[in-house]
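**Q** predicted model and sequence below, questions to follow.
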Amino acid sequence: MDIKSYNSFSEYHPLVNFLYFTVVIMFSMIFQHPVLLVISIISSFSYTIILNGIKALKFNLYFLLPMLFMVIALNPLFSHQGMTILFYIDNKPITFESFIYGIVTAMVLVTMVMWFSSYNKVITSDKIIYLFSKTIPSIALLISMTLSFVPKFKVQLKKIRMSQRNIGRDINNGNFYEKAKHGCRIISILIMWALENGVQTADSMRSRGYGLRGRTHFSLYKMDKRDKLTLSIMGVLIAICMLGYLGGKNTMQFYPYIQMKKIEVIDYIIYLTYIILVFFPIIIEVVEALRWRLLKSKI
């Protein structure tokens with residue numbers, strides 16, 4: 001079995017999935033240490049490739065890589081903080097500190113996009129409803145419906161465009177005025193379909209007793225020993241990383257000058273802990289893939 005064809009981590013309990021992504025996304029924002037930033041961007045990049053294959057690779061190279069260089073180039077132009085002046089542009093100083101902070105900001109932004117891409121692949125709408133249906137049912141339902149409507153809109157838009165193209169009313173037909181008119185008609189049809197679909201969904205939910213008191217909830221998710229062990233391991237890893245952050249080990253100073261604390265033995269322990277934490281799903285995928293190949297070899 002190919003690793004990318006099997007998503008083992010998504011089979012864990014939704015609480016495990018949600019806790020992992022919440023923590024790694026939060027840590028990716030607040031841990032502004034060069035070593036930890038490199039670990040985060042490598043792990044997020046690797047996991048998107050495992051989950052989405054060549055599509056994720058193309059997206060990362062064609063969209064995220066240019067965005068990375070753009071943020072690096074723009075930050076020194078708008079932020080002039082720092083003591084080490086490299087040169088001037090229109091009498092405005094370009095500092096070394098702002099350039100380095102631009103690299104850090106760009107890495108954080110790209111890492112966040114890749115983590116959210118993996119999040120959308122693993123955390124499905126039914127998991128969101130399961131996690132929040134009892135505490136914030138309305139918000140959980142709204143998030144679930146929003147996530148489900150996006151792919152439906154894409155499919156419906158293709159159908160509408162195909163039908164309009166057959167009668168010569170696509171956005172590629174006619175002059176500029178006619179193209180705009182056809183585009184408005186397509187959007188109008190899509191909006192009418194969305195409103196009608198929303199009414200049908202509301203009627204369906206009302207007929208099924210949504211919002212009534214005492215209504216029970218069915219779910220296939222159950223916390224087993226594997227999930228409890230995983231939560232325990234993640235809890236220890238998160239605690240060590242947080243202790244390192246509180247001790248000032250997971251960040252560095254950029255303004256007015258760059259300053260980083262001397263690396264000690266405890267820092268290597270924190271780095272190793274963070275590697276295990278962010279690569280946790282990848283480790284699971286690799287172990288499950290190797291286990292599957294071993295079982296296949298015995299058949």
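**A** Perfect, I can see it now. Please read these numbers as outputs of a predicted model, since none were measured by experiment.

**Q** residues touching Tyr12, list them.
**A** Arg226, Asp227, Thr230, Ile284 (C-beta atoms under 8 Å, 6 or more residues apart in numbering). For the C-beta atoms, the positions are set from N, CA and C on the backbone; glycine is no exception.

**Q** need the residues that contact the helix or strand the first one falls within.
**A** So the one you mean is Arg226. Using DSSP states H and E, Arg226 sits within helix 225-246. Helix 225-246 has contacts (C-beta under 8 Å, 6+ apart) with 12-13, 15-16, 19-20, 23, 27, 30-31, 250-251, 266-267, 269-270, 273-274, 276-277, 280.

**Q** among those residues, which are in helices?
**A** Judged by DSSP state H, helices contain the following of these: 15-16, 19-20, 23, 27, 30, 266-267, 269-270, 273-274, 276-277, 280.

**Q** the residues you listed, buried ones only, as a ChimeraX selection?
**A** Paste this into ChimeraX to select the buried members of the ones in helices among the contacts of helix 225-246, with burial taken from 16 or more other C-beta atoms under 10 Å:
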select :15,16,19,20,23,27,267,270,273,274,276,277,280
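
**Q** and the contacts of Tyr12 as CSV, adding pLDDT?
**A** Formatted as CSV, those follow (pLDDT from 0 to 100):
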residue, pLDDT
Arg226, 89
Asp227, 89
Thr230, 90
Ile284, 88
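
**Q** by neighbour count, which of those wins?
**A** Neighbour counts for these peak at Thr230, which has 20 neighbours (criterion: other C-beta atoms under 10 Å).

**Q** next one: it from Phe176, what distance?
**A** To Phe176, Thr230 is 57 Å away according to C-beta to C-beta, to the nearest Å.

**Q** remind me which helix or strand Leu290 belongs to.
**A** helix 280-297.

**Q** what's the angle from that helix to helix 265-278?
**A** Interaxial angle of helix 280-297 relative to helix 265-278 (axes from the mean of the first three to the mean of the last three C-alpha atoms, to 10 degrees): 60 degrees.

**Q** got any ranges where this protein has weak pLDDT?
**A** Residues of the chain meeting the criterion pLDDT under 70: 1-6, 133-151, 202, 205-206, 208-219.

**Q** at the geometric centre of it, which residue do we find?
**A** With distances taken as C-alpha atoms, centre = their mean, the residue of the chain nearest its centroid is Phe116 (0.6 Å).

**Q** that residue and Thr22 touch, don't they?
**A** No - counting by C-beta atoms under 8 Å, Phe116 does not reach Thr22; the two are 11.5 Å apart.

**Q** in stretch 226-245, what's buried?
**A** By 16+ other C-beta under 10 Å, the buried positions in stretch 226-245 come out as Asp227, Thr230, Leu231, Met234, Leu237, Ile238, Ile240, Cys241, Gly244, Tyr245.

**Q** can you pull out the strands in the protein?
**A** 85-89, 92-95 (DSSP state E).

**Q** output the longest one as CSV - backbone C-alpha positions only.
**A** If I follow you right, that is strand 85-89. Extracted in CSV, the C-alpha atoms of strand 85-89 (Å, rounded to 0.1, in the frame of the first residue of the first chain):
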residue,chain,number,x,y,z
ILE,A,85,20.8,49.5,8.0
LEU,A,86,21.7,47.7,4.7
PHE,A,87,20.8,50.5,2.3
TYR,A,88,18.2,53.2,1.6
ILE,A,89,15.2,53.3,-0.8
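
**Q** which strands or helices does that strand pack on?
**A** The elements that strand 85-89 packs onto, with contact taken as 3 or more C-beta pairs under 8 Å, 6 or more residues apart in numbering; DSSP states H and E, are strand 92-95, helix 96-122.

**Q** what's the most buried one of those?
**A** With neighbours defined as mean count of other C-beta atoms under 10 Å, the helices and strands packed on strand 85-89 peak in mean count at helix 96-122, which reaches a mean of 19.

**Q** now do it: distance to the chain's middle.
**A** In terms of C-alpha atoms, centre = their mean, to the nearest Å, the centre of helix 96-122 is found 11 Å from the chain centre.

**Q** now for that helix, which elements pack on it?
**A** Helix 96-122 sits against helix 14-30, helix 34-52, helix 65-78, strand 85-89, with contacts defined as 3+ C-beta pairs under 8 Å, 6+ apart.

**Q** would you list the phi and psi of Phe279?
**A** Backbone torsions of Phe279, given as degrees, to the nearest 10, read phi -90, psi 10.

**Q** excluding chain neighbours, what is closest to it?
**A** Excluding the flanking residues, the one nearest Phe279 by C-beta to C-beta, 6 or more residues apart in numbering is Ser43, at 5.1 Å.

**Q** how many neighbours does Ile191 have?
**A** 10.

**Q** cool, and the one 10 residues further on?
**A** Residue neighbour count, defined by other C-beta under 10 Å, stands at 13 for Thr201.
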